[in-house]
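**Student:** no letters, just coordinates:
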């Protein structure tokens with residue numbers, strides 16, 4: 001079993017650091033999947049075994 005976290009990038013540096021401290025590892029990136037304040041955002045995918 002796994003837990004998956006999705007973090008907005010750019011701007012999610014603190015969240016990335018927090019998830020890494022709790023044992024999450026990077027699993028991928030989805031590019032240009034969100035649009036906010038006139039620009040496209042990527043999301044970072046992290047996962048952790050339960």
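**Tutor:** Sure thing, it's come through. Please read all numbers here as calculations on a predicted model, not as lab measurements.
**Student:** elements contacting the helix or strand hosting residue 20?
**Tutor:** Secondary structure from DSSP states H and E places residue 20 in helix 13-21. Taking 3 or more CB pairs under 8 Å, 6 or more residues apart in numbering; DSSP states H and E as contact, the helices and strands that helix 13-21 lies on are strand 2-9, strand 39-49. The C-beta positions use only the backbone N, C-alpha and C, and glycine is treated the same way.
**Student:** list the buried ones in it?
**Tutor:** Residues of helix 13-21 classed as buried by neighbour count (16 or more other CB atoms under 10 Å): 15, 16, 19.
**Student:** residues touching the closest residue to the second one other than its chain neighbours, list them.
**Tutor:** Sequence neighbours aside, residue 7 is the residue nearest to residue 16 in space, at 6.0 Å (criterion: CB to CB, 6 or more residues apart in numbering). Contacts of residue 7 were listed using CB atoms under 8 Å, 6 or more residues apart in numbering, and they are 15, 16, 19, 43, 44, 46.
**Student:** ok, 10 Å please
**Tutor:** Residues near residue 7 by CB atoms under 10 Å, 6 or more residues apart in numbering: 13-16, 18-19, 24, 26, 42-46.
**Student:** again, but for residue 36
**Tutor:** By CB under 10 Å, 6+ apart, the neighbours of residue 36 are 8, 11.
**Student:** cutoff 6 Å now
**Tutor:** For residue 36, the contact set (CB atoms under 6 Å, 6 or more residues apart in numbering) is empty.
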